[in-house]
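1. Just to be clear, the model below is a prediction. Sequence and coordinates:
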Amino acid sequence: MRAVVLRKYGGPEALLVEEVPDPVPGPGQVLIEVAAAGITFVETQLRADRGPRRVELPVILGNGVAGVVPGTGAQVVSTLGGSGGYAELAVADVDDLIPIPEGLSPRHAVALLADGRTAVGLMRAASPRPGEWVLVEAAAGGVGGLLVQLAAAAGARVVGAASSPAKRRLAEELGAEVAVDYTDPAWVDRVRAVAGELDVVFDGVGGDIGAAAQSLLRDGGRLSAYGMAGGPMTTPSPRVTAAPWPDADLRELAREALTAAAEGRLRPTIGLVLPLESAAEAHAAIEARTVTGKTLLLPGPR
């Protein structure tokens, strides 16, 4: 099969397409013919050896795929235990398989697998209420765009923070009442002028942006810190409340997101779709923050 193999840490150019042996399922596992594989920001960090963990080389990156189980015709989406997704074939544990609901495409299903369960879990933890002001950072990203929709559906008043005019327009289309440019030094003042003190902050950026966002919270406001795309993870200050991850099964959270999408209540944004041969281009685009929403790889027909 064809797969994107990382043999040495480095820039996007370190991702190379090779012919490799087909994976063989073990006990309690199945083979998936991959229709679409998701790419996460964390995978760009793992490739460069800057991630939260170190992968052993060589490795086929990719933790989420959607496709068909050979011989059954069943369309499924699944995590893979951390690797193996950037390929024509992947092996998944049977227990991790989630049937794709009728009416939902494999592309939309895999776009919702990791980001959807994350957004649903974060919403459960922070529980925005009707009328509360909520800030969503990276509001046009894979998780951020879903959080904007879910918070607005809960009746909250959403401020979406994003770095480009196109991303801010998308945040507003998804339900943000206000969209601000967090690369503008005056963005915090603008949020204060519109919303005053915030009730909830969804911080997927960290670093200086996360710290500035936390300063906007009222005393006792809820900080949901879940990412570090722009620097170290934000540490909650004593005057705010950290929103802990809910006690829920990840597959349950993913199923909830998939069901909401199949019923038209949640829409993932897919900003870039490329063939396996363009994995390096996909990683470069994510790192340059030029992608709006989710980035997918398509293996194509075998």
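-> Right, received. Where do you want to start?
2. residues contacting Val42?
-> Going by CB atoms under 8 Å, 6 or more residues apart in numbering, Val42 touches Gly51, Pro52. Where C-beta positions appear, they are placed from N, C-alpha and C, glycine not excepted.
3. Quick check: next helix or strand after the strand or helix carrying it?
-> Here Val42 sits within helix 41-47, counting by DSSP states H and E. As assigned by DSSP H and E, the chain's next helix or strand after helix 41-47 is strand 64-69.
4. Mind giving me the packing neighbours of that next one?
-> Packing partners of strand 64-69 (3 or more CB pairs under 8 Å, 6 or more residues apart in numbering; DSSP states H and E): strand 29-39, strand 74-79, strand 89-93, helix 106-126.
5. Please identify the deepest-packed of those.
-> Highest mean neighbour count of those: helix 106-126, a mean of 25 (counted as mean count of other CB atoms under 10 Å).
6. which regions of the stretch 1-150 of the chain sit below the pLDDT cut-off?
-> Residue ranges of the stretch 1-150 of the chain with pLDDT under 70: none are present.
7. What separation do you get for Asp208 and Val191?
-> Using CB to CB, to the nearest Å, one gets 15 Å for the distance from Asp208 to Val191.
8. Just want to know which of those two has more residues nearby.
-> When Asp208 and Val191 are compared for neighbours, Val191 comes out ahead with 22 against 13, by other CB atoms under 10 Å.
9. shouldn't the more buried one be in contact with Gly160?
-> No: look at Val191 against Gly160 with CB atoms under 8 Å: they stay out of range, at 10.5 Å.
10. Now the common contact residues for these two.
-> Counting by CB under 8 Å, 6+ apart, the contacts common to Val191 and Gly160 are Val178, Val180.
11. Need the helices and strands packed on strand 64-69 in a markdown table (columns: distance to Arg218).
-> Output for these, formatted as a markdown table (distance: least, CB to CB, whole Å):
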| stretch | distance to Arg218 |
| --- | --- |
| strand 29-39 | 36 |
| strand 74-79 | 37 |
| strand 89-93 | 44 |
| helix 106-126 | 14 |
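12. which one of those lies closest to Thr234?
-> Smallest distance to Thr234 across the helices and strands packed on strand 64-69 (CB to CB): 13.7 Å, for helix 106-126.
13. got the CA coordinates for the closest one in PDB?
-> Extracted in PDB, the C-alpha atoms of helix 106-126 (Å, rounded to 0.1, in the frame of the first residue of the first chain):
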ATOM      1  CA  PRO A 106     -16.700   9.900   5.500                       C
ATOM      2  CA  ARG A 107     -15.000  13.200   5.100                       C
ATOM      3  CA  HIS A 108     -17.300  15.000   7.500                       C
ATOM      4  CA  ALA A 109     -17.200  12.000   9.900                       C
ATOM      5  CA  VAL A 110     -13.400  12.000  10.200                       C
ATOM      6  CA  ALA A 111     -13.400  15.800  10.500                       C
ATOM      7  CA  LEU A 112     -15.600  15.400  13.500                       C
ATOM      8  CA  LEU A 113     -13.900  12.500  15.200                       C
ATOM      9  CA  ALA A 114     -11.200  14.200  17.300                       C
ATOM     10  CA  ASP A 115     -12.500  17.800  17.000                       C
ATOM     11  CA  GLY A 116     -16.100  16.800  17.600                       C
ATOM     12  CA  ARG A 117     -15.500  14.800  20.700                       C
ATOM     13  CA  THR A 118     -13.200  17.500  22.000                       C
ATOM     14  CA  ALA A 119     -15.700  20.300  21.400                       C
ATOM     15  CA  VAL A 120     -18.600  18.300  23.000                       C
ATOM     16  CA  GLY A 121     -16.500  17.400  26.000                       C
ATOM     17  CA  LEU A 122     -15.300  21.000  26.500                       C
ATOM     18  CA  MET A 123     -18.900  22.200  26.300                       C
ATOM     19  CA  ARG A 124     -20.000  19.700  28.900                       C
ATOM     20  CA  ALA A 125     -17.300  20.900  31.200                       C
ATOM     21  CA  ALA A 126     -17.700  24.700  30.800                       C
END
